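1. Whatever this is, show me its structure:
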Amino acid sequence: MKLQVIHYPKCGTCRKAVKWLQEQGHQLELRHIVENPPTAEELRKVAAMSGLEVKKLFNTSGEVYKSLGLKDKLPGMTEQEQLKLLASNGMLVKRPIVTDGARATVGFKEDEFSKVWSK
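-> Numbering: from 1, shown residues only. Next comes the predicted model:
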């Protein structure tokens, strides 16, 4: 079974995550987050599978997030508005997103990856 990894190839964290997964023996289907960003529906499913709130899917350290002033705007937005905004620009999405269709992780923390993706 292949894992889908939605990532940004120039991101060091994404590269570390891909390397870690490959070292565990996983076959990966890599998807460029900017060229082929996740849809609002895909992001809704990722939030459900990962157990995260939609607002936790935002890349809060990114330039786009900061330039749009989202720190102050997000609390007043509905979940649907947040999903639509996330789907509009892959650089707003925290990465990498790794999923097997039943589970998902967002971001890369080795201890979390070990719990979810160790073979």
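
2. Can you give me the end-to-end span of stretch 81-100?
-> Taking Cα to Cα, to the nearest Å, the span from the opening residue of stretch 81-100 to its closing residue is 26 Å.

3. what residue is smack in the middle of this protein?
-> The residue lying closest to the centre of the chain (Cα atoms, centre = their mean) is Ile97, at 3.3 Å.

4. ok, it - contacts?
-> With contact taken as Cβ atoms under 8 Å, 6 or more residues apart in numbering, Ile97 is in contact with 4-7, 33, 38, 46, 104-106. From N, CA and C alone the C-beta is placed, and that goes for glycine too.

5. Just send those residues back as TSV, with secondary structure too.
-> Compiled in TSV, the contacts of Ile97 are given as follows (DSSP: H, G, I helix; E, B strand; the rest coil):
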residue	secondary structure
Gln4	strand
Val5	strand
Ile6	strand
His7	strand
Ile33	coil
Pro38	coil
Val46	helix
Ala104	strand
Thr105	strand
Val106	strand
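
6. the helices in this structure, which residues?
-> Here the chain has its helices, by DSSP state H, at 12-23, 40-50, 63-67, 70-73, 79-88, 110-117.

7. need those in JSON lines with mean pLDDT and mean neighbour count, can you?
-> Output for the helices of the chain, formatted as JSON lines (pLDDT from 0 to 100; neighbours: other Cβ atoms under 10 Å):
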{"stretch": "helix 12-23", "mean pLDDT": "97", "mean neighbour count": "16"}
{"stretch": "helix 40-50", "mean pLDDT": "98", "mean neighbour count": "18"}
{"stretch": "helix 63-67", "mean pLDDT": "97", "mean neighbour count": "13"}
{"stretch": "helix 70-73", "mean pLDDT": "97", "mean neighbour count": "13"}
{"stretch": "helix 79-88", "mean pLDDT": "98", "mean neighbour count": "17"}
{"stretch": "helix 110-117", "mean pLDDT": "96", "mean neighbour count": "12"}
